[in-house]
Each structure stands twice: as structure tokens, then as C-alpha cells.
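[1] I need the structure of the sequence given here:
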Amino acid sequence: MSLALAMGLMIGLLFYLVVGNREESSFFRGDFPAFYAAAELVWTGQGAALYDFERQREIENRYWPDFVGGYYIFAYPPFFALLLAPLASLPPLLAKAMASGLLFVALMVALLLARQSSAFIRQHFLFTLLYLMSFAPLQIALVGVQNTALTILCFALIYGASRQGQALLVGLGSSLLLYKPQFGAIFFLYLLSRANRDELIGWSLGALTLYMLGTLVLGVSWPLVWLSAATQFGDANFTINDHNMISIAGVMYWAFAFIQGAGAPGLPWAYGLAAGLLILSAWYMRREEQRFVLAPHLVLLLSPQTLFYDVALALFFLIQDLQPENPRDFLMLAAIWIYGLVALLLRDLVGFPLSSLLLVAILWIHVRRIKERMSVKPCAVSPDAS
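    Residues are numbered from 1 along each chain as shown. All right, here's what the predicted structure looks like:
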């Protein structure tokens, strides 16, 4: 089975290398130009222009002429651009290869952390690695230099620290999610509901450090500058990627656009529903520590804009709860793998957010797994038993 997955992975990577001409190949461009443009602006001392979209366009078209005037927007916080800045010291193709390599390392480290507590990953480590790398949404993220593997690593650090009782490290790890503020904000509310002082202290220290790093790029008022840019990006992203989203807001936007011709009227309803589910899910997870592992799934569902490749995060945590010798678990993984591939191939043709159904299915399966595990009671042992 691992050999079959390895062959599928190699075929997929070969596809990225040869499709289209050199400039248009996903291997040579993907979604990397936005990150490279931000890196160059910071690296060359032009951090004040980080959210000047025309400057982003100019840089991306200089290195990737096939954009023909188009471009990808960078709307991450400035501290993330600061961390990306060294990539600008390399030619674009080499920088992209290095970024993909770092994302692979992040996935490997996350698996090594999960291996300590997951019998499935411990027994089937190579299979799990190949399975995830050949899972279509995550493969797109790795080759196209999206940050799903980095998000997986952040959550793996959080839950690894939680299992070891390192509350301060749980908070510090949680603050790293602020590189994607929509994820960081929702997870912080889950953290807040736990009312653990050390976790909140760790988060505060981490958030303060990230804020100070951001001031090196855009000064002390950078959150306001970033928020303005992120708002502009968000408005455009709903229009362009509604069929690629897996969040409640994205699906609701798509539904209103499909029915009424305009998706924006559906957003207030979506945000209201997400807020209600956030409160209910925080209460639900607080009642039992085991349920806290559902937070990554819910972060994806409740964030305003979450794209299809991030469904791999929910899959990563579901895999940790599987049984090493259960054939039904392998059949379920096969079904998820096939659905992920089909959803990716049909996403533009169908025009429906197919991957959102996969996220809901993974969440439902994981809730049932946790419920079954909690319902199993240890057998009573007679004091007379020898």
C-alpha cells in the first residue's frame, strides 16, 4: 500500500513539473509569487510598501511575466513577511524549491510529534507520510507553497505540549497561529474558555513578540495598516474563491451568490451562525479534555475564509485517533483520499465547494470516535481475582 502511494505521489509531482510551459508550470509558480514579493519588499528595505498592491503586482510580473498584469495579493501580517524575507536573497525558482522543502520538513516534524501519542502513526509512519503527501489538497499546498503544513505543525506543537502538561508552551504555540490571524483569533477564544492562567500567559508573551517583530516592518500602528489590506483582500477572495472554501462563511457566500446572484447578503447570517457555534463548541470542549482535539476542525469551519487545501489539517488529527489494525479505518482513509482527488478535479467544473462536505464528514467521524472512546468503561476487577 505504501508503494502504491509512493508511485501516486511521484506521478503527481511529475504532473506539476511537466504541465504547461516553464513559466506557467505549477512547480515554477503556484501561489508562491505573493510570498516572494513580500519577501523582496522587506529584504530590500521597502517594508513601508508591503501592502501597496501595485508594488506587489510589479514585482510578481517582473519575475513571472505570464501573469500578464495579474498578481496574487499578500495580506499576511508583517511579522510573517519578515520571516519570509531571506527567501528574496535567492532566485525565485530556488526560493520556491526551498520554501516547498521547508513545508515538507514542517510536515515531518508534525508527524514525529504526533507519533509519540498516536499508535496508528507510530505503527504506520511511512504509510501516513506518503498518504498525506499524496492527498490531493495537501499535495497542492506543498507544491504550490501554501502554508497548510505550517499550520499543521503549529497545532502539533500545541497538542504535543498539552499532552506533556506544558501549559506555557501550549500558549506560546497557540500564539504562532496568529500568522493566520483568522485561525489565531478563533483558537484564542477556545484557549480563553479553558481559563488556564499559564496558557494565557504563554499566548500573551508570544503575541507580544510577534507584534514587536511587526513593528520592525511597519511601525507601531501596523495592525491598522494590515487590517485595511486584509479587508480589501477578503472582499476579493470571497468573489474569486467561494467555490474553493470549506468555511461556513465561504459556503454561505456561495449559496447566496448561486440563489440570489450576490453572496455578500449571506455573510451576516454566516457570521452569526459561526458565533453561535463558537460559543457552543467552546462549552462542549471545555466539559471533556479529550474533545479539545476537535478545535482544529472547528477553526477551519468557523474562520471567515478557509480554502480547500486546509482540510488536510482536520485529516491529520483524525488519523491520530485511528486504530492501527482496523481494516475499516483503512477503507475510510481510501474513501477520503479518493474524494479529495475527485473534489479537486471537479472544483471548477462543478462550481460547488465540494471540499466543505469532506470537512464536515471528518468532523462528524471524529466526534463519533471520541464519543465511543469516552463511553468505554474499564472492566471492574474482583478483589479476589488472582
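
[2] and S281, what element?
    helix 267-287 (DSSP states H and E).

[3] and that helix, how far out from the chain middle?
    How far helix 267-287 lies from its chain's middle: 20 Å, per Cα atoms, centre = their mean, to the nearest Å.

[4] who touches that helix?
    Helix 267-287 is contacted by residues 186, 189-190, 193-194, 238, 247-249, 251-253, 291-292, 294-295, 298, 301-302, 304 when judged by Cβ atoms under 8 Å, 6 or more residues apart in numbering. Every C-beta, even on glycine, is put in place using the N, C-alpha and C of the backbone.

[5] for the record, mean pLDDT for the helix or strand hosting I336?
    Element membership for I336 (DSSP H and E) is helix 327-350. Taken as a whole, helix 327-350 carries a mean pLDDT of 91.

[6] so the nearest residue in space to Y51 that is not next to it in sequence is in which element?
    Distance criterion Cβ to Cβ, 6 or more residues apart in numbering; nearest residue to Y51, sequence neighbours excluded, is A229 at 3.8 Å. Element membership of A229, judged by DSSP H and E, is helix 222-241.

[7] immediately after that helix, which helix or strand?
    helix 248-260.

[8] what is the neighbour count of the nearest residue to A257 once chain neighbours are set aside?
    Of all residues not flanking A257 in the chain, G263 sits nearest, at 3.6 Å (Cβ to Cβ, 6+ apart). As a burial measure, G263 scores 21 neighbours (other Cβ atoms under 10 Å).

[9] now do the contacts for L111.
    Neighbour list for L111: 121, 125, 128-129, 132, 156 [criterion: Cβ under 8 Å, 6+ apart].

[10] name the element it belongs to?
    Element membership of L111, judged by DSSP H and E, is helix 92-115.

[11] list the buried ones in that helix?
    Counting neighbours by 16 or more other Cβ atoms under 10 Å, one finds that the buried residues in helix 92-115 are 92, 95-97, 99-100, 103, 106-107, 109-111, 113-115.

[12] any idea of the mean pLDDT for that helix?
    The average of the pLDDT scores along helix 92-115 is 93.

[13] could I get the CA-only coordinates of it as PDB?
    Provided in PDB are the C-alpha atoms of helix 92-115 (Å, rounded to 0.1, in the frame of the first residue of the first chain):
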ATOM      1  CA  PRO A  92      12.700  32.900  -7.400                       C
ATOM      2  CA  LEU A  93      12.900  29.200  -8.600                       C
ATOM      3  CA  LEU A  94      15.400  28.300  -5.900                       C
ATOM      4  CA  ALA A  95      13.500  30.200  -3.300                       C
ATOM      5  CA  LYS A  96      10.300  28.300  -4.200                       C
ATOM      6  CA  ALA A  97      12.100  25.000  -4.000                       C
ATOM      7  CA  MET A  98      13.400  25.900  -0.600                       C
ATOM      8  CA  ALA A  99      10.000  27.000   0.600                       C
ATOM      9  CA  SER A 100       8.500  23.700  -0.500                       C
ATOM     10  CA  GLY A 101      11.300  21.800   1.200                       C
ATOM     11  CA  LEU A 102      10.700  23.700   4.500                       C
ATOM     12  CA  LEU A 103       7.000  22.900   4.300                       C
ATOM     13  CA  PHE A 104       7.900  19.200   3.900                       C
ATOM     14  CA  VAL A 105      10.100  19.500   6.900                       C
ATOM     15  CA  ALA A 106       7.200  21.000   8.900                       C
ATOM     16  CA  LEU A 107       5.000  18.100   8.000                       C
ATOM     17  CA  MET A 108       7.700  15.600   9.000                       C
ATOM     18  CA  VAL A 109       8.200  17.300  12.400                       C
ATOM     19  CA  ALA A 110       4.400  17.400  13.000                       C
ATOM     20  CA  LEU A 111       4.200  13.700  12.300                       C
ATOM     21  CA  LEU A 112       7.200  12.900  14.600                       C
ATOM     22  CA  LEU A 113       5.400  14.900  17.400                       C
ATOM     23  CA  ALA A 114       2.100  13.100  16.700                       C
ATOM     24  CA  ARG A 115       3.900   9.700  16.700                       C
END
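
[14] ok, G206 touching Y179?
    No - between G206 and Y179 there is no contact under Cβ atoms under 8 Å: 10.9 Å.

[15] so for the two, which sits in the more crowded spot?
    Shown here are G206 and Y179; by other Cβ under 10 Å, G206 has more neighbours (21 against 18).

[16] ok, and the closest non-adjacent residue to that one?
    Once flanking residues are discounted, G206 sits nearest to S175: 2.7 Å by Cβ to Cβ, 6+ apart.

[17] residues touching the one you found, list them.
    Contacts of S175 (Cβ under 8 Å, 6+ apart): 184, 202-207, 209-210.

[18] would you turn these into JSON lines with distance to A270?
    JSON lines is the format used below for the contacts of S175 (distance: Cβ to Cβ, whole Å):
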{"residue": "G184", "distance to A270": "20"}
{"residue": "G202", "distance to A270": "32"}
{"residue": "W203", "distance to A270": "27"}
{"residue": "S204", "distance to A270": "30"}
{"residue": "L205", "distance to A270": "33"}
{"residue": "G206", "distance to A270": "29"}
{"residue": "A207", "distance to A270": "27"}
{"residue": "T209", "distance to A270": "33"}
{"residue": "L210", "distance to A270": "28"}
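
[19] what's the farthest-apart pair in those residues?
    Maximum pairwise distance in these, criterion Cβ to Cβ, is 14.3 Å, between G184 and L205.

[20] who has more neighbours, the two?
    The residue with more neighbours, out of G184 and L205, is G184; 23 against 14, by other Cβ under 10 Å.

[21] tell me the contacts of the more buried one?
    By Cβ under 8 Å, 6+ apart, G184 lies in contact with 174-178.

[22] low pLDDT regions in the stretch 1-150 of the chain?
    Filtered on pLDDT under 70, the stretch 1-150 of the chain yields the residue ranges 1-29.

[23] much appreciated, bye for now.
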